Structures are given as structure tokens and as C-alpha cells.
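Colleague: I would like the atomic coordinates for the input below:
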Amino acid sequence: MAKDFIMLSSETYPIFVQQTKAALLAAQLWKHASTQVSPPKQTTPAKDVEQRELRIYDENEEQALGIILERLDAANARLVDGKTAFEAWTTLSTTHVTKTANRQYQLYQELANTRQQPNEALPAYLQQMQEAADCLSASLATGTKADDIISMLTTFLTISNLKSTEENESFKLNLSVAGKVDSATIAKSFRTEQTHRDVAAHTKEAGLAIRLGHHREEDQRQAPLPVLTDRNEEQCKCQAQQQQPKGASASKATTAEPSDEDESETVSMASSTPPLSPNSSANVDWITDSGATSSMTPHRHWI
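Modeller: Alright, predicted model coming up:
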């Protein structure tokens, strides 16, 4: 099954060329599709070196043709059946090339991406550049003005010089599929794309803010209660006592702790009262003072 299968047509041909050429360049087989590569000469009898070169040529030719065929639908595969890699590439170009802005953009890309190959002679590299330029020139409509050409090149450079990101690569691919790469269409596409990106960024930021708010609420609900140490407990008691009314505090203090005068009176009475001996024969009776009240302390009298 084709890796990057495309239902090839005049509209999708630029995408096919871009992807297939990239694959051929990566495999160092682009020369077999772009130029007519002749097989190495053989002598009789053939030498080992010549046989090895022929074997390498056949392998490269088959690999180049395979890269082209794996991206073709059945109809286009039948169109190039039995052809070499170069013949198949030329046939597809002749069949699907039209003089549209999309095609011109594709040819401009070919011109801009033409590079000297390893060990390629300078005249051969110059010839490739000239051929790419001729193809771009032939795609222009008759009577095209210089201003139109400059506008076209400016549009193409604007697209080609986009920063290489996943977002921009997808955008460039959509522009190629659109089939109309001119200044007016590109200007509108750029504005629309930026609007979509701004909306997506705003939506993403709003979603993050909502999620962060939920996390904070969960953290607050799950926060552990403070553990009171002995020192913290004493501080809490002191604060509670300070917050009580003055009357209640004074009453509590008076009830809880006796004054110095009460303590001295108690000690004096205890010291002035002789202790009773358990063996004492004296008669002891309690006599209540006639003038005593409920608030007075009864006294003991010896009889």
C-alpha cells in the first residue's frame, strides 16, 4: 500500500511532485527521474567493474521508479506502465501540468530547491537550474507583465519563508491543495488562518484557567487540619482568657486563687487553736453565740 497515496490529478499534482521529489532526493535517486540517465557501457567480455556498475544502475532505476509508482493511483500507474523512471516522470508532468498559479508555485519551489548534488559537476548543476527556470517561464501565460511576475514571486517567497513549524507546514499544504496561490488569495488566507489561531489560543488559555481553579479548590478541601502542640495549646488558652469580659475574669481569678489576707487569717486561727488530744478528759461542748448570724463563724468555748 502506498505510503503517501494521492489520487493524482491536475489539482493534486503539485503535492505529488513535492512529496515524491523529496523521497527521491532522500534516496539520492532524483537524477534518475529528472534526467535521462544512460546505463553504463559494457565491453565484451564485460569486466567485473562494469558488471557491478550496471547492477548498481539497475537497482537505482528500479528504486526510483518504485518511489514514483507507490504514490500513484491505478489509473496513473497504468499510464506509466513499462516506462523508466525518467519517462514516467515526464509523462505525468505532461498529463497533469496546467498553467495555473498553483502549478507556477510548484515550479518556483522546484527552482528554489534545486541543489548541487554530491560530486555533481558545476556545468551539470547550472544546467539543472536553467531547466527549472525554463519550466517556470513556460508556465506563465502569454503577455504576463513584469509587475505580475514580481507579485507572484513575492507571494511565493512569503509562503516559502514561513517558519518551519508543524502548524505552518499544515497551513502551507492546505494552500497547495486550494489550487490558487496568488496574492489576493494568500492575503485572505493569512488573515483567516491568524483568526483561527487566535481563537484556538484564547480557548486553550481559558481552559487552563478553569482547570487551575478546580485544582486550587481541591487542594483547599484536602488541606490537613493544624496539629496543636503543647505550646500552641497554651497560647490558645491565653488568647481565650484575654477575650473574656473583665468581670468574669476577675470573679474567676478570685474564686480560683485565695488572697494573701485569707491565707494569713487561716494560718493564725490554726496556730491559736490548741489541738485536741484524743485522750483528753475535759468536757467539750459547742455553744453558739446568741448574737451570731448566718454569715458569722461559730466559736468553740471551753467549759
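
Colleague: now the helices for this protein?
Modeller: 13-26, 30-34, 48-69, 74-79, 85-96, 101-112, 122-138, 146-160, 166-178, 183-221, 230-243, 246-256, 260-272 (DSSP state H).

Colleague: will you turn those helices into TSV that also has mean neighbour count and mean pLDDT?
Modeller: No exception for glycine: its C-beta is placed from N, CA and C like everyone else's. Output for the helices of the chain, formatted as TSV (neighbours: other Cβ atoms under 10 Å; pLDDT from 0 to 100):
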stretch	mean neighbour count	mean pLDDT
helix 13-26	19	87
helix 30-34	22	91
helix 48-69	15	91
helix 74-79	14	85
helix 85-96	18	88
helix 101-112	21	79
helix 122-138	14	88
helix 146-160	14	84
helix 166-178	14	78
helix 183-221	11	81
helix 230-243	10	62
helix 246-256	10	49
helix 260-272	9	48
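
Colleague: Nearest to Gln42, out of those helices?
Modeller: When the helices of the chain are compared by Cβ to Cβ, helix 48-69 sits nearest Gln42, at 5.3 Å.

Colleague: could you dump the helices of the chain to a markdown table with distance to Pro40?
Modeller: Listed next are those as a markdown table, based on distance: least, Cβ to Cβ, whole Å:
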| stretch | distance to Pro40 |
| --- | --- |
| helix 13-26 | 20 |
| helix 30-34 | 13 |
| helix 48-69 | 4 |
| helix 74-79 | 28 |
| helix 85-96 | 16 |
| helix 101-112 | 28 |
| helix 122-138 | 17 |
| helix 146-160 | 38 |
| helix 166-178 | 38 |
| helix 183-221 | 47 |
| helix 230-243 | 94 |
| helix 246-256 | 114 |
| helix 260-272 | 126 |
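
Colleague: so which of those gets nearest Lys41?
Modeller: Comparing those under Cβ to Cβ, the one sitting nearest is helix 48-69, at 7.4 Å.

Colleague: The closest one to helix 13-26, inter-axis angle?
Modeller: Orientation check (axes from the mean of the first three to the mean of the last three Cα atoms, to 10 degrees): helix 48-69 against helix 13-26 gives 150 degrees.

Colleague: can you list the domains in this structure?
Modeller: 12-40+50-96, 101-210 (the TED database).

Colleague: Span of the last one from start to end?
Modeller: Between the opening and closing residues of domain 101-210 lies a distance of 46 Å (Cα to Cα, to the nearest Å).

Colleague: same question, the shortest one
Modeller: Across its full length, domain 12-40+50-96 reaches 9 Å end to end, with Cα to Cα as the criterion.
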